[in-house]
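J.: What follows is a predicted structure for the sequence shown.
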Amino acid sequence: MKPLRALLALSITAAVIGLAGCKKEPTPPTTGIAPTTAPQGETADQFIARVNAEYKAMYPEMSSAQWLSNTFINDDSAMIAAKSNERWLTQLNSWIEQSKRFEGQPMSPDTARSIQLLKLLTAMPAPKDPAKLAELTKIATKMDGMYGAGKYCTGEGDAKTCRQLGDLEDVLRNSRDYEAQLDAWQGWHTIAQPMRKDYTRFVELVNEGARDMGYADTGEMWRSGYDMSPAEIAAETDRLWGQVKPLYEQLHCYTRTKLEATYGADKGHVAGNMLPAHLMGNMWQQDWGNLWDVLAPYKNAGSLDVNGALAAQYQQQLDAQMAKNPDSREPEQQAQLQVDAELATARQMTERAQDFYVSLGMPKLPETYWSRTQFIKPRDRDVACHASAWDMNMAGDVRTKMCIKHTEEDFTTIYHELGHVYYYMAYNKQPPLFQGGAHDGFHEAIGDTIVLAMTPKYLQSIGLVGDQQQSNEALINAQMRMALAKVSFLPFGLMIDRWRWGVFDGSIKPGDYNKAWWDLKAKYQGVAPASARGEEFFDAGAKYHVPGNTPYTRYFLSHVLQFQFYKALCDASGYKGPLYECSFYGNKEAGAKFQAMLSKGQSQPWQKTLKELTGGEKMDASAVLEYFAPLQTWLKQQNEGKTCGWQPDGKVAAAAKPAAGKG
């Protein structure tokens, strides 16, 4: 399973239209494009009405530019995207400057909130200098394109072969060859090395923009978008992590024991009892679901082989394609039949995900969704495969962008992405400035809430797993399946922004980028590389959200909120029983309550929105612990007598033991 790491809205535009704070001085027009100006005598209410209209009018062109830069990666689309971002930042700066006229004046509550949200529209604060603004947008688009087109190549001349992220992820997912996994992991991380200089300059530019707006640095700006102070949200994430850390530590201990049994005591862990980065089945060690064959508690208790069922569906589609085209025997024709089968399977998986939302009383996706979405990786061009959901025009043109493979990981990711899409459609009736998640963690939690309701019984009902026996072994298997996606993710959800906050405030110097990255991964995740990773590397850049400048605390918060949402919807459905067995599939009462929350968007503080759904105004991880209580008890039993925990000594990246031979 995938712990659901999709973008809030647009790819590089997510770096521009994110949730953070700003207070901007006017920026002179760039490249001859003048922002709109304020009419004489305009009131605050009239100003916000005008901004909403102008924002909605320019949004489709901006979205289209970003869509093209992600689905047709080349120099031309990159230039168009960069210029689009440049126009947007220039216009946003102008609106923010115009809004200062109304400080201290009486206005309606909605207008006051809209002005505040206007100042929170960018995660990429631009410097005043138009030349630097243009430089910033070019760097942002360049890094985005570098990630999307990243390849790991080996060999020379005719023997040269190149693999993109999806191919390398397949190795980590399916191979248990120690050296092959290490090669794939190290290979992908080479694509980030050329980004280091650009990222260093990017940090300088956004920090200059943040300081111009009155913030100490960009990290402080990001922490200002939560209806609470930057210090309060940082403390809140620490408190929530403290609630769930003991559960993660038990899962970590169990996993290390299993890896040692699989690869040998010398390879199954890294110095300090840490987990080897390349053996976790995931490029960033944020989702351990691909290690099911290694970590399954009981091999024959309840069939949870979703991958096998999806592979069978793909084979059925391929057989059907070949039956319709019996004379297609050339390699090119065979390859096209495989692509056609992949597309048909991807659409079938997406239709199944749509069915869950529709069962709750939500509408079907518009026809344009099916004709404009990128379901699979095209054969003829480079695209950004990182899963994302897109609202193209604030009026119903919604899409997802994926390179779907017939795996459980991608299947659950589709459910997650449609959560974004249904949020868009629900709040599209709001004024544009209110079209956003109650806070960014809400947006990420919507689809994840649905994933929690994908219980073994639900999966059985849609034909993806076999009959589910009622036993403690089957329960522990189901809990482990979910924990490998949800619990494994929690510390990763924290450490990325902990790294960036340090980069932005200067406590992490450019010369220590890689050391600090691995120090934080050691501290929070208990994960380390199998061999030294010095400052010639830029391993942070191998994770999309760093070059894509997407704030990441939202994903940690979503992994708490989704369990709160899930519990509230189970209660609304009338469910009585253990939380982990609840599926509200088909329950219109739960669906109505969920839809009511989605429709509010950003029109009120998130605390009020949370209270309307859950009854409380505070984020709380107690539902996480309630859900996983049986697994936590079982893990403690399995780990009894073991030396659990790890020792992040701050020297991991330099002192890790070199990789041994094949395991």
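T.: It's in. Residues are numbered from 1 along each chain as shown.
J.: how about stretch 341-357: buried residues?
T.: By neighbour count with 16 or more other CB atoms under 10 Å, stretch 341-357 contains the buried residues 341-342, 344-347, 349-350, 352-354, 356-357. For glycine as for every other residue, the C-beta is placed from the backbone atoms N, C-alpha and C.
J.: can you list these in JSON lines and add distance to Leu561 and secondary structure?
T.: Listed next are the buried residues of stretch 341-357 as JSON lines, based on distance: CB to CB, whole Å; DSSP: H, G, I helix; E, B strand; the rest coil:
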{"residue": "Ala341", "distance to Leu561": "37", "secondary structure": "helix"}
{"residue": "Glu342", "distance to Leu561": "33", "secondary structure": "helix"}
{"residue": "Ala344", "distance to Leu561": "35", "secondary structure": "helix"}
{"residue": "Thr345", "distance to Leu561": "31", "secondary structure": "helix"}
{"residue": "Ala346", "distance to Leu561": "28", "secondary structure": "helix"}
{"residue": "Arg347", "distance to Leu561": "30", "secondary structure": "helix"}
{"residue": "Met349", "distance to Leu561": "25", "secondary structure": "helix"}
{"residue": "Thr350", "distance to Leu561": "24", "secondary structure": "helix"}
{"residue": "Arg352", "distance to Leu561": "25", "secondary structure": "helix"}
{"residue": "Ala353", "distance to Leu561": "20", "secondary structure": "helix"}
{"residue": "Gln354", "distance to Leu561": "23", "secondary structure": "helix"}
{"residue": "Phe356", "distance to Leu561": "19", "secondary structure": "helix"}
{"residue": "Tyr357", "distance to Leu561": "18", "secondary structure": "helix"}
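J.: Tabulate those in JSON lines, adding columns for pLDDT and distance to Met480.
T.: Shown next, in JSON lines, are the buried residues of stretch 341-357 (pLDDT from 0 to 100; distance: CB to CB, whole Å):
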{"residue": "Ala341", "pLDDT": "92", "distance to Met480": "32"}
{"residue": "Glu342", "pLDDT": "95", "distance to Met480": "29"}
{"residue": "Ala344", "pLDDT": "94", "distance to Met480": "32"}
{"residue": "Thr345", "pLDDT": "95", "distance to Met480": "27"}
{"residue": "Ala346", "pLDDT": "96", "distance to Met480": "27"}
{"residue": "Arg347", "pLDDT": "97", "distance to Met480": "31"}
{"residue": "Met349", "pLDDT": "96", "distance to Met480": "23"}
{"residue": "Thr350", "pLDDT": "97", "distance to Met480": "27"}
{"residue": "Arg352", "pLDDT": "96", "distance to Met480": "24"}
{"residue": "Ala353", "pLDDT": "97", "distance to Met480": "23"}
{"residue": "Gln354", "pLDDT": "98", "distance to Met480": "28"}
{"residue": "Phe356", "pLDDT": "98", "distance to Met480": "23"}
{"residue": "Tyr357", "pLDDT": "98", "distance to Met480": "27"}
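J.: what helix or strand is the nearest residue to Gly645 once chain neighbours are set aside on?
T.: Excluding the flanking residues, the one nearest Gly645 by CB to CB, 6 or more residues apart in numbering is Glu249, at 6.4 Å. Under the criterion of DSSP states H and E, Glu249 resides in helix 230-263.
J.: try Val383
T.: Applying DSSP H and E, one finds Val383 in no helix or strand.
J.: coming back round to it: relative to Ser583, which of the buried residues of stretch 341-357 is nearest.
T.: Of all the buried residues of stretch 341-357, Phe356 has the smallest distance to Ser583: 9.4 Å, by CB to CB.
J.: Next, the buried residues of stretch 439-448.
T.: By neighbour count with 16+ other CB under 10 Å, stretch 439-448 contains the buried residues His439, Asp440, Gly441, Phe442, His443, Glu444, Ala445, Ile446, Gly447, Asp448.
J.: Spatially nearest residue to the first one, not counting backbone neighbours?
T.: Excluding the flanking residues, the one nearest His439 by CB to CB, 6+ apart is Trp606, at 4.5 Å.
J.: In a markdown table, list the buried residues of stretch 439-448 along with pLDDT.
T.: Putting the buried residues of stretch 439-448 into a markdown table (pLDDT from 0 to 100) gives the following:
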| residue | pLDDT |
| --- | --- |
| His439 | 93 |
| Asp440 | 92 |
| Gly441 | 93 |
| Phe442 | 96 |
| His443 | 95 |
| Glu444 | 93 |
| Ala445 | 96 |
| Ile446 | 97 |
| Gly447 | 96 |
| Asp448 | 95 |
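J.: Let's see which of these end up in helices.
T.: Those of the buried residues of stretch 439-448 mapping onto helices are Asp440, Gly441, Phe442, His443, Glu444, Ala445, Ile446, Gly447, Asp448, per DSSP state H.
J.: Mind picking the one among those residues that's closest to Lys258?
T.: Within those, proximity to Lys258 (CB to CB) peaks at Asp448, which comes in at 25.7 Å.
J.: secondary structure element for the closest residue to that closest one other than its chain neighbours?
T.: Nearest residue to Asp448, sequence neighbours excluded (CB to CB, 6+ apart): Gln562, at 3.9 Å. Using DSSP H and E, Gln562 sits within helix 553-572.
J.: Are there helices or strands packed against the helix or strand following that helix, and which ones?
T.: Next helix or strand after helix 553-572 toward the C-terminus (DSSP H and E): helix 588-600. If you count contacts as 3 or more CB pairs under 8 Å, 6 or more residues apart in numbering; DSSP states H and E, helix 588-600 packs onto helix 408-427, helix 553-572, helix 606-614.
J.: For Leu205, find the nearest of the ones you listed.
T.: Ranking those by proximity to Leu205 (CB to CB) places helix 553-572 first, at 21.7 Å.
J.: Can you work out which other helices and strands pack against that closest one?
T.: Secondary-structure packing of helix 553-572 (3+ CB pairs under 8 Å, 6+ apart): helix 230-263, helix 440-452, helix 489-505, helix 588-600, helix 606-614, helix 622-627.
J.: Give me whichever of those helices is most buried.
T.: The highest average neighbour count among these, using mean count of other CB atoms under 10 Å, belongs to helix 440-452 at a mean of 27.
J.: chain center to that one, what's the gap?
T.: Averaging C-alpha positions (CA atoms, centre = their mean, to the nearest Å) puts helix 440-452 11 Å from its chain's average.
J.: can you check stretch 118-133 too?
T.: Mean C-alpha position of stretch 118-133 versus that of the full chain (CA atoms, centre = their mean) differs by 23 Å.
J.: ends of it, how far apart?
T.: By CA to CA, to the nearest Å, the extent of stretch 118-133 from end to end equals 19 Å.
J.: same thing with stretch 447-459?
T.: Start-to-end span of stretch 447-459 (CA to CA) is 16 Å.
J.: can you list the residues that contact it?
T.: 1, 3-4, 6, 302, 304, 306, 356-357, 412, 415-420, 465, 468, 474, 478, 482, 485, 558-559, 562-563, 565-566, 569, 580-585, 594, 627 (CB atoms under 8 Å, 6 or more residues apart in numbering).
J.: repeat that for 7 Å
T.: Stretch 447-459 is contacted by residues 4, 302, 304, 306, 356, 412, 415-420, 465, 468, 478, 558, 562-563, 565-566, 569, 581-585 when judged by CB atoms under 7 Å, 6 or more residues apart in numbering.
J.: Likewise for stretch 158-173?
T.: Contacts with stretch 158-173, where a contact means CB under 7 Å, 6+ apart, come from 150-155, 180-181, 184-185, 187-188, 281-283, 290, 377, 385, 403.
J.: what do you get for stretch 46-61?
T.: Identification of contacts with stretch 46-61 by CB under 7 Å, 6+ apart yields 36, 38, 84, 91, 95, 98-99, 102, 111, 114-115, 118, 392-394, 431-433.
J.: Please repeat the previous calculation with a cut-off of 8 Å.
T.: Stretch 46-61 has contacts (CB under 8 Å, 6+ apart) with 36, 38-39, 42, 84, 87-88, 91, 95, 98-99, 101-102, 110-111, 114-115, 118, 392-395, 397, 431-433.
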